[in-house]
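Student: fold the following, please.
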Amino acid sequence: MKVTLKDKLSTYKQHPFSLFLMIVMVLAMVFTVGITLSLIVYIVYKGVPNLSPELFELKFTAENQSMLPSIINTVIMTVITLVIAVPLGIGAAVYLTEYAKRGNKLVKVARITAETLSGIPSIVFGLFGFLMFNIALHWGYSLISGAITLAMMVLPTIMRTSEEALLAVPDSYREGSFGLGAGKVRTIFSIIIPSAMPGILSGIILSIGRIVGETAALIFTAGTYGQIPENLFSSARTLSVHVYALLNEGLYMDKAYATAFVLLVLVVLINLLSKYVGNKLTKK
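Tutor: Down below sits the predicted model:
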């Protein structure tokens, strides 16, 4: 049955509080979208005119302030972090949902711990990573120190979103698989995880956004060296750290805006690529 505008107005007259809530939600939506669009327009307006070929040279120097090494470092950092965090996060979620008894105190403690870690400021992770990896393990400012620190930061997000996605899979899927003779492991990897893949990928995409945009933790662990790292124990500057370094010096504001624009485009491209891969996996 089609609801007309007259019917809606009649409903709002009978329930004025519903009209109030509707207005509040519309204003919240307009405010949120407006702020986001204004930031995008500002970055595009300030960044695009300052793009130049010298910003994309392979070697960073004091003259060109090239961002290409930082772009490469960002991609490398993201891949290494996901390689560490995704298996651990999904594995922990599978244990909590499929192996641990429901209502178990260990499950409650793990959930509270994960939610607590999600709210810890990134600077705290950076200080811990600096003391643990740079100082105690003598790794210094290195790519691997930054990647492990970021993995600790995004692990709670991946674990909790994966757990909720696995819990959303109907028990009838499990019962049907067991009824056909499939074992526990085969049921998990052939039925449950593929069914929960959209929710799992949502957590991974959120984590990618945090990895690409992280600055504070990487300054203390990965450092600010502007070249492409030779190995995992070399210092590396990501794109967000590159923006911070340019702004902090105060001499390259135009190039900082251009780098911010490229960072925005990179985040969008990574998210689109993640969604594309997720859709392909979901169809399979």
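Student: contact partners for the residue nearest to the spatial centre of the chain?
Tutor: Note on the chain: the residue nearest the mean C-alpha position is Ser207, at 2.0 Å, using Cα atoms, centre = their mean. Neighbour list for Ser207: Thr81, Leu82, Ala85, Val154, Thr157, Ile158 [criterion: Cβ atoms under 8 Å, 6 or more residues apart in numbering]. All C-beta atoms are positioned from the backbone trio N, CA, C, and that covers glycine.
Student: which residues does the fourth one contact?
Tutor: Val154 sits next to Thr81, Ala85, Gly89, Ser207, Arg210, Ile211 when contact means Cβ under 8 Å, 6+ apart.
Student: if you set the cut-off to 6 Å instead, what comes out?
Tutor: Val154 is in contact with Ala85, Ser207, Arg210, counting by Cβ atoms under 6 Å, 6 or more residues apart in numbering.
Student: and the residue nearest to the residue nearest to the centre of the chain when sequence neighbours are not counted, how far from Ser18?
Tutor: With sequence-adjacent residues excluded and distances taken as Cβ to Cβ, 6 or more residues apart in numbering, Ser207 is closest to Val154, at 3.8 Å. The spacing between Val154 and Ser18, counted by Cβ to Cβ, to the nearest Å, is 39 Å.
Student: what about Phe31, how many neighbours?
Tutor: When neighbours are counted by other Cβ atoms under 10 Å, Phe31 registers 10.
Student: before we move on, which element is it in?
Tutor: Under the criterion of DSSP states H and E, Phe31 resides in helix 16-47.
Student: okay, now Thr238: neighbour count?
Tutor: 31.
Student: and what of the one 5 residues further on?
Tutor: The number of residues packed around Val243, counting by other Cβ under 10 Å, is 22.
Student: okay but it is in contact with Tyr257, surely?
Tutor: No. Look at Val243 against Tyr257 with Cβ atoms under 6 Å: they stay out of range, at 8.9 Å.
Student: what about the chain, any weak spots by pLDDT?
Tutor: Regions of the chain meeting the criterion pLDDT under 70 cover residues 1-15, 278, 281-284.
Student: the helices in it, which residues?
Tutor: With DSSP state H as the criterion, the chain has helices at 5-14, 16-47, 68-94, 105-118, 122-129, 143-167, 171-179, 184-187, 193-213, 216-221, 239-249, 253-283.
Student: could I get these in JSON lines, plus columns for distance to Glu54?
Tutor: Listed next are the helices of the chain as JSON lines, based on distance: least, Cβ to Cβ, whole Å:
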{"stretch": "helix 5-14", "distance to Glu54": "57"}
{"stretch": "helix 16-47", "distance to Glu54": "15"}
{"stretch": "helix 68-94", "distance to Glu54": "10"}
{"stretch": "helix 105-118", "distance to Glu54": "40"}
{"stretch": "helix 122-129", "distance to Glu54": "31"}
{"stretch": "helix 143-167", "distance to Glu54": "25"}
{"stretch": "helix 171-179", "distance to Glu54": "56"}
{"stretch": "helix 184-187", "distance to Glu54": "54"}
{"stretch": "helix 193-213", "distance to Glu54": "23"}
{"stretch": "helix 216-221", "distance to Glu54": "25"}
{"stretch": "helix 239-249", "distance to Glu54": "14"}
{"stretch": "helix 253-283", "distance to Glu54": "9"}
